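need the 3D shape of this:
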Amino acid sequence: MENKELALLGEISRLYLEKATGELLVKGEAFEKKVYFEQGRIIFAVSNLPQDSLGNLLIEAEKISPEQLIDAEKLMNACTMLGTVLVYKGFLSPEDLYWGIKFQATRIIYSLFQLEGLDYSFKQRELERDEVLRLNFQTPNIVMEGARRMGSAILLRQVLNLKSYIKFMMNGPDQGKGIDFLPKEKEILPLLNGRYSIRKLIGLGLMEELELLRMLNGLQKLHKLIVSDDPMAAETPPPVSALAAVSSQRNSEGAAIEPALPPDFFFRNESSRISALDRQLSFRRNAKRGGILAVCAVLAVIAAFYYRSTRSRPSVTGSPVSHADHLPSGPVTPPAQSTTTVQPQPEEIKEDASTTSTPPPPPQATIPEAPGAVIQLQDVQFSALANGGYRIGFRLVNSGELGSELRGFLFLIASSADGSSKMIYPADWVVSDMRLEFRRGISFRISRYKQVDTEFQVPFVPVLVKIHAFDRDGREVFSSDLPL
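Predicted coordinates:
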């Protein structure tokens, strides 16, 4: 039985392999999302969450302003879509509209792989011609990207038998096309030839264990792997010289005799491939060490130059001066009496002109720091809805210097008077530790401002909404409590 956490990924893979047509309905506690399939290909996706709407995504990407969105919504009716109005009013170009629609569908699909405990069902039916837009999605790439985001190492060890031998096959619905592998994945693909177990591939160290297990899980969902308990023969063609040596040999019936390859032929080929990979890894390690040594050498030269320049500066305290050498040789005439008191002046220290000193090094140029973003909260709005839910909206404004920008992840938590709390943005996520799982928040980018509008339902009367914003390094850059 497939694990519940990976069940949705398996369902999307099944629909792709069976070339199904219809809609996949995914439900959560406060949202509903649909993914449309046509002949196994994902063509579109929709969501009822306000943060997934096209208008909010275009505002977040700074393609349009909130005022332009309000003007466009006034002209909308039952037969007119938002994108058509935006292009008609000149607020958006057709190219930006297509980008926004595809970005919206992609974001909705990838958000399904970050949620847990979802209920889904597939309804097989023919899609009308004008029912949904048909976008060009590569379903195998979506399955592989979902596999890269799902599953822990402990869970994947239970799904994949580490003692089994695996072979990557190119045949299938797409003949091996449509999958964009990462550079690390391309390096290990030649070793998926049935001669190595999963445990042996992990021991080679070409990829991290979790990354390798997630990649194999995605390929298994797409039926791109042959799994066996015993080693399999590699499908490597024999060399041309071996075929030419026996091409003239024929049996008694006149048929050509199949050439016999050495028993260690495949072993030697695989050993050569592994040796090449080892040389690449050794070259990278040596290049890294050489770079570190070069940096240390430059720092040592700078330190030696600074030390020498400080040692060669003239000292303030010189050798004592003999006043007897400056006394006149004749009789000394006493000075005349005067009522003016002469204050003793400090002796001027004269430097020896013959002494040469190295000029101090020029001051190092300081690199100005990038302007930082300063986030302020404005235009807070809260209202109760007729369906028993609530709506909250506010604007995060960047009041920092010109050119400053902030990217990160945003959370909203509603609290009651008795201390109960629930995560409302993103919806249906249990609050554990935002500092450790900050990447599960709603991503944002603030150059000028970010408008946030969301609807939520909680089993209590909210009296407080807490806002937490983290940057991409996990540091909390903004927090505020909004009493309702």
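
tell me which element residue 478 falls in.
Taking DSSP states H and E as the criterion, residue 478 maps to strand 476-483.

tell me the helices and strands packed up against that strand.
With contacts taken as 3 or more CB pairs under 8 Å, 6 or more residues apart in numbering; DSSP states H and E, strand 476-483 sits against strand 375-384, strand 390-398, strand 464-471. Bear in mind the C-beta positions are built from the backbone N, C-alpha and C, glycine included.

if we use 7 Å, what do you get?
strand 375-384, strand 464-471 (3 or more CB pairs under 7 Å, 6 or more residues apart in numbering; DSSP states H and E).

how far off centre is it?
Strand 476-483 sits 25 Å away from the centroid of its parent chain (CA atoms, centre = their mean, to the nearest Å).

sheet partners, orientation included, of it?
strand 464-471 (antiparallel) (DSSP bridges).

quick one: buried residues of the strand it pairs with?
For strand 464-471, a neighbour-count test (16 or more other CB atoms under 10 Å) marks 465, 467, 468, 469, 470 as buried.

next, count neighbours for the spatially closest residue to the last one that is not a sequence neighbour.
Spelled out, it's residue 470. Spatial nearest neighbour of residue 470, chain neighbours left out: residue 438 (4.2 Å); criterion: CB to CB, 6 or more residues apart in numbering. Per other CB atoms under 10 Å, the neighbour tally for residue 438 reads 21.

cool, residue 150 as well?
21.

quick check: the gap between it and residue 163.
23 Å (CB to CB, to the nearest Å).

what do you get for residue 114?
Taken as CB to CB, the span from residue 114 to residue 163 is 31 Å.

could you chop the protein up by domain?
4-137, 142-228, 375-483 (automatic domain parsing).

residue 219 sits in which helix or strand?
helix 209-221.

avg pLDDT for that helix?
Average pLDDT, helix 209-221: 90.

chain center to stretch 103-112, what's the gap?
16 Å.

now the helix holding residue 219: buried residues?
Buried residues in helix 209-221 (16+ other CB under 10 Å): 209, 211, 212, 213, 214, 215, 216, 217, 218, 219, 220, 221.

now flag whichever of these is closest to residue 119.
residue 221 (20.0 Å; CB to CB).

distance of that closest one from residue 39?
19 Å.

re the thing from before, make JSON lines from the helices and strands packed on strand 476-483 and add distance to residue 285 to it.
What follows is those, written out as JSON lines (distance: least, CB to CB, whole Å):
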{"stretch": "strand 375-384", "distance to residue 285": "42"}
{"stretch": "strand 464-471", "distance to residue 285": "32"}
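
for residue 19, find the nearest of those.
Short answer: strand 464-471, nearest of the helices and strands packed on strand 476-483 by CB to CB, at 41.9 Å.

restrict the closest one to CA atoms and write it as CSV.
The C-alpha atoms that make up strand 464-471 are tabulated as CSV, following Å, rounded to 0.1, in the frame of the first residue of the first chain:
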residue,chain,number,x,y,z
LEU,A,464,-5.7,38.7,17.1
VAL,A,465,-3.8,38.0,13.8
LYS,A,466,0.0,37.6,14.0
ILE,A,467,2.1,38.5,11.0
HIS,A,468,5.5,36.8,10.6
ALA,A,469,7.9,37.4,7.7
PHE,A,470,11.2,35.6,7.2
ASP,A,471,13.9,36.2,4.6
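
show residues contacting that strand.
Under the contact criterion CB atoms under 7 Å, 6 or more residues apart in numbering, strand 464-471 has outside partners 375, 392, 406-415, 434, 438, 441, 476-484.

so, low pLDDT: which residues of the stretch 251-400 of the chain?
251-275, 277, 311-372 (pLDDT under 70).

am I right that residue 411 falls within a strand?
Yes - applying DSSP: H, G, I helix; E, B strand; the rest coil, one finds residue 411 inside a strand.

give me the distance between it and residue 426.
For residue 411 relative to residue 426 (CB to CB), the value is 8 Å.

any common contacting residues for the two?
Common neighbours of residue 411 and residue 426 are listed as residue 441 (criterion: CB under 7 Å, 6+ apart).

can you tell me which helix in this protein is longest?
As assigned by DSSP state H, the longest helix anywhere in the chain is helix 265-311.

from the chain's centre, how far out does that helix sit?
Using CA atoms, centre = their mean, the offset of helix 265-311 from its chain centre is 27 Å.

host element of residue 14?
helix 7-17.

quick one, which of the contacts of strand 464-471 are buried?
For these, buried by 16+ other CB under 10 Å: 375, 392, 406, 408-415, 434, 438, 441, 477-478, 482.

picking that back up, let me know the closest of the buried residues of strand 464-471 to residue 167.
Nearest to residue 167 among those, with distances taken as CB to CB, is residue 470, at 42.8 Å.

which residues does that closest one bridge with?
Counting by DSSP bridges, the residues bridging with residue 470 are residue 409, residue 476.

quick one, helices of the chain?
7-17, 54-60, 66-74, 82-89, 94-111, 139-149, 153-159, 183-188, 198-204, 209-221, 240-246, 265-311.

export these to TSV and tack on distance to residue 26?
Shown next, in TSV, are these (distance: least, CB to CB, whole Å):
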stretch	distance to residue 26
helix 7-17	7
helix 54-60	19
helix 66-74	27
helix 82-89	23
helix 94-111	10
helix 139-149	13
helix 153-159	21
helix 183-188	28
helix 198-204	31
helix 209-221	17
helix 240-246	54
helix 265-311	41
